[in-house]
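Participant: let's see this in three dimensions:
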Amino acid sequence: MPIPSLETIIDGELAEKIVSQSAEIIPQGGILFRQGEAADYLYFVKSGEARLTMQAGEKEVMIRAGQGSLLGIPAVVGNQRYSMTAVTCGEAKIFRLSSRVFNDLLQTEPKMQQAVLLILASEVRVARQALIEMSLWSDI
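Facilitator: Okay, the predicted model is just below:
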């Protein structure tokens, strides 16, 4: 069963704006954030990839986030805790953007608004896909 992927930010100018207003990090043990933690930051995957996982009862949902992915949007936009755990895979270059700076970008950059809508729509699609697959597997 293939791992679904999130939409990415393909606009180079917007990606550079995110990088210029964030800080590159080296995550401890590859962990960017854990399910249930307070969402104070977004994480931008400049290169490499990360995996997002969510515990759903006894099952685990996994999503791939490649280069250009912006992680943590549902939690930050909804002012909620992270609903998934994000971990880098191999050599990934990750930048951390505070929720305050992100909100400022949303106010001033129409391209950011479009990117966020695409990413949120992608997350809804991936979540629905995961629910369907989980129900199919539970019938077996």
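Participant: nearest to the spatial middle of this structure, which residue is it?
Facilitator: To find the centre residue of the chain, average its C-alpha atoms and take the closest one (C-alpha atoms, centre = their mean): that gives Leu71, at 2.1 Å.
Participant: which residues touch that one?
Facilitator: Residues counted as contacts of Leu71 (C-beta atoms under 8 Å, 6 or more residues apart in numbering) are 32-33, 42-45, 50, 52, 65, 86. Glycine gets a C-beta too; all of them are placed from N, C-alpha and C.
Participant: now the residues you listed in CSV, with secondary structure and distance to Val124?
Facilitator: What follows is the contacts of Leu71, written out as CSV (DSSP: H, G, I helix; E, B strand; the rest coil; distance: C-beta to C-beta, whole Å):
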residue, secondary structure, distance to Val124
Leu32, strand, 21
Phe33, strand, 20
Leu42, strand, 18
Tyr43, strand, 20
Phe44, strand, 21
Val45, strand, 20
Ala50, strand, 19
Leu52, strand, 14
Ala65, strand, 15
Ala86, strand, 18
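Participant: tell me the one of these nearest Glu24?
Facilitator: For the contacts of Leu71, the residue nearest Glu24 by C-beta to C-beta is Phe44; the value is 9.6 Å.
Participant: just the helices in the protein please.
Facilitator: Residue ranges of the helices in the chain, as given by DSSP state H, are 12-20, 73-77, 99-108, 110-138.
Participant: any idea of the mean pLDDT in the second one?
Facilitator: Think helix 73-77. Throughout helix 73-77, pLDDT has a mean value of 93.
Participant: list of residues touching it?
Facilitator: Contacting residues not belonging to helix 73-77 are listed as 39, 41-42, 80-83, 99, 102, 116, 119-120, 123 [C-beta under 8 Å, 6+ apart].
Participant: kindly report the same for the first one.
Facilitator: Counting by C-beta under 8 Å, 6+ apart, the neighbours of helix 12-20 from elsewhere in the structure are 9, 44, 46, 68, 70, 95, 97, 105, 109, 111-112, 115.
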